[in-house]
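1. could you work out the structure for the sequence below:
(chains A and B)
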Amino acid sequence: MQPTAGLIYAADRDEARLKATGVWTATTASAAETLVQQSLERARGLQSVVVDISAIGELDTYGAWLLERIIRRCRADGVSAEMTAVPERFKGLLEAVHETTGAPVETRKRTPFPLAMLEATGRAFPQFGADATAFAEMLGALTVATWRVILHPRRFRFTSAIHHLDRVGWQALPIMLLISFLIGAIIAQQGIFHFRKFGADVYVVDLVGILILREIGVLLIAIMAAGRSGSSYTAELGSMKMREEIDALRTMGLDPVEVLMVPRVLALIVALPILVFFGALAALYGGGLIMWLYGGMSLEIFIARLQEAVSVTHFKVGIIKAPFMALVIGVVACSEGLRVKGSAESLGLQTTTSVVKSIFLVIVLDGLFAVFFASIGM
Amino acid sequence: MTPHALAPAIHIEDLVVGFGRQTVLDHLSLDVYRGEIMGLVGASGGGKSVLLRTIIGLLPKRHGKIEVLGTDFDASAATDIQLIGRRWGILFQQGALFSSLTVLQNVQFPMREHLDLPQALMDEVALAKLEMVGLGKNDAAKFPSELSGGMTKRAALARALALDPEVVFLDEPTSGLDPIAAGDFDSLIMTLQRTLGVTVFMITHDLDSLYTVCNRVAALVAGKIVAIGPIADVLASPHPWVQAYFRGTRGSKRSQASRERS
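-> Purely as a prediction, here's the structure:
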């Protein structure tokens, strides 16, 4: 049988007698509240209210609070109210609840919607400035630490750097190859479908070759590295910060930038160009496969056309961007990792921010490089 | 050996630390002499950890002077500050063990950074230090995530003591330890003081530690040190918070017991 709360109402001239029965706990709280509200309505206008609690079977804080609320509401309305026949075992709980202040929680004022949007836009600007400062700070700290390591090569954390090179380079290779292969194939396929209308099938090779080598190869690998390696750097450094490990390092007289971040960023800078190289190869393979399957172009013609279409310049343009993008991803990842505060939510937030920011900056960097290379005629 | 013979191990003068508009430490001055065990008590959230973190250089100060083992952080070059890492050890409240290293590797970490020892020697000394704090060979290969709270604290203590430092900072070392382990810890601290002359700065709520181990006790209330001295002097202090702390329902039984003992 379901536990229920009961509140029996009896009026006797100017006095209302409420008899509480049954179970007054968290499970019956919402039903009990309805009963309380009804009784208070009916007792309006009367001079006094007496609440008889002797028939309650079980009572907890929820029930005690509802009973207390009857008393307080009545007194606030100028009606005298009291509880009678309180069993001994409930006395302590009712006293404890009686002593709470019941002050209302201050809710923050919500600004109305159009103003809130303006406010958010306004707040974004100093936030942007703060982010730019944090980026510059981390870049500076890394430069100083790297310089110190160059001056004292024995302090370089070689084992750590190799370990991270393995993680962000060697272990990332299969997935990077696969995705580049697929993207190369997709670009080639779309190219064939559209260029076929003009009978310009053969120029798909140019499209695939130049696009992959100059832009897509690097951008794709960089974005995937940001998602894979950047987020793992942020999460690692963030959780180390949460556990005070970075503080412990500092108090041991070590520089966390030198011990933790230089090896990570250096590993990424070395790994990314290698990944870009192999990724570009995989993408060209993908393109070639599609040209053969859909375009009926034999391998020899594909390679010959590729040789005519692309030059070393295109390759250079792509590969030069790689270490800079790696640096950006590394700096953002480390900087966001150190900004993690004490909670798990903060860790998640900073990891997301790290990935989003590094992808954004990578694309901006790509745009800047495009302008640069165009201006020097590469 | 009089602890006052040399310059103080920790010298704090007129220290002001605050966050935003809130001032946590208000012109605080404190001296911890070499070879003494100083206990710091204060209300929870009252600034004890802030004081500790400021002394060891993790938090910035707004005003004042801090000198540890004669090194004033403001006036020293970066290399001096790095060298001090060799001469002190810190036990953080949550342990702060390096999560990717085993317990043994954690203890060996300071050795690797600051000393040039063969691997076998490091293994032996690290294991000895673990046994001194009450852990065993079986715990040496565990990772911090596999340890209980008490074991984490003990491993962190072993790491803090790895280089036999001159000053040890302990942030609530016995919280979470069972009475036997806490008692062992107290004896360990006293042994260190007797044999190596280690200076200990300990934040603690453990009344037993305060009574048995500490040479002097300082009470931090409202950002200032309101009482300092041997435990008997602090007990006699008229400050209301100090009275409530030591003579409240929990404290009074201890103070009675210690009076009966002495």
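2. and residue 117, what helix or strand is that in?
-> In the absence of a named chain, chain A is used. Using DSSP states H and E, A:Met117 maps to helix A:113-151.
3. correction: the question concerned chain B.
-> Using DSSP H and E, B:Leu117 is not contained in any helix or strand.
4. check A:Val51 too.
-> strand A:48-59.
5. so what does that strand touch, helix or strand wise?
-> Judged by 3 or more CB pairs under 8 Å, 6 or more residues apart in numbering or on different chains; DSSP states H and E, the packing partners of strand A:48-59 are strand A:15-24, helix A:61-76, strand A:80-84, helix A:88-98. Just so you know, the C-beta spots here come from the backbone N, C-alpha and C atoms, and that holds for glycine as well.
6. deepest of these, which one?
-> Highest mean neighbour count among the helices and strands packed on strand A:48-59 (mean count of other CB atoms under 10 Å in any protein chain shown): strand A:15-24, with a mean of 21.
7. what angle separates the very next helix or strand once past that strand from helix A:61-76?
-> Using DSSP H and E, the next helix or strand after strand A:15-24 towards the C-terminus is helix A:29-42. Orientation note: helix A:29-42 sits at an angle of 20 degrees relative to helix A:61-76 (axes from the mean of the first three to the mean of the last three CA atoms, to 10 degrees).
8. which non-adjacent residue is nearest A:Ser298?
-> Computed as CB to CB, 6 or more residues apart in numbering or on different chains, the closest residue to A:Ser298 that is not its neighbour in sequence is A:Trp292, at 6.8 Å.
9. backbone phi and psi for the one you found, please?
-> Note on A:Trp292: backbone dihedrals following degrees, to the nearest 10 are phi -70, psi -40.
10. mind showing which ranges of the chain have poor pLDDT?
-> The chain I'm using is chain A. Chain A contains residues with pLDDT under 70 at A:1, A:101-104.
11. um, chain B though
-> The model of chain B has pLDDT under 70 over residues B:1-5, B:77-81, B:249-262.
12. quick one: the strands in it?
-> Ranges of strands in chain B, per DSSP state E, are B:10-19, B:22-32, B:37-42, B:63-68, B:71-72, B:88-91, B:167-171, B:199-203, B:216-221, B:224-229.
13. right, so of the ones you listed, which gets closest to chain A?
-> strand B:88-91 (4.9 Å; CB to the nearest CB).
14. who touches the closest one?
-> A:248, A:251, B:56, B:68-69, B:110, B:153, B:156-157, B:159-163, B:165-171, B:173 (CB atoms under 8 Å, 6 or more residues apart in numbering or on different chains).
15. still on that earlier bit, how about the strands of chain B in JSON lines, adding distance to A:Thr27 and mean neighbour count?
-> Listed next are the strands of chain B as JSON lines, based on distance: least, CB to CB, whole Å; neighbours: other CB atoms under 10 Å in any protein chain shown:
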{"stretch": "strand B:10-19", "distance to A:Thr27": "44", "mean neighbour count": "17"}
{"stretch": "strand B:22-32", "distance to A:Thr27": "43", "mean neighbour count": "18"}
{"stretch": "strand B:37-42", "distance to A:Thr27": "43", "mean neighbour count": "24"}
{"stretch": "strand B:63-68", "distance to A:Thr27": "57", "mean neighbour count": "18"}
{"stretch": "strand B:71-72", "distance to A:Thr27": "63", "mean neighbour count": "14"}
{"stretch": "strand B:88-91", "distance to A:Thr27": "46", "mean neighbour count": "25"}
{"stretch": "strand B:167-171", "distance to A:Thr27": "43", "mean neighbour count": "24"}
{"stretch": "strand B:199-203", "distance to A:Thr27": "44", "mean neighbour count": "24"}
{"stretch": "strand B:216-221", "distance to A:Thr27": "45", "mean neighbour count": "22"}
{"stretch": "strand B:224-229", "distance to A:Thr27": "50", "mean neighbour count": "17"}
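16. okay, the residue nearest to A:Ala81 when sequence neighbours are not counted and A:Ala96: tell me how far apart.
-> Using CB to CB, 6+ apart and skipping residues adjacent in sequence, the residue nearest A:Ala81 is A:Cys74, 3.6 Å away. Counting by CB to CB, to the nearest Å, the gap from A:Cys74 to A:Ala96 is 20 Å.
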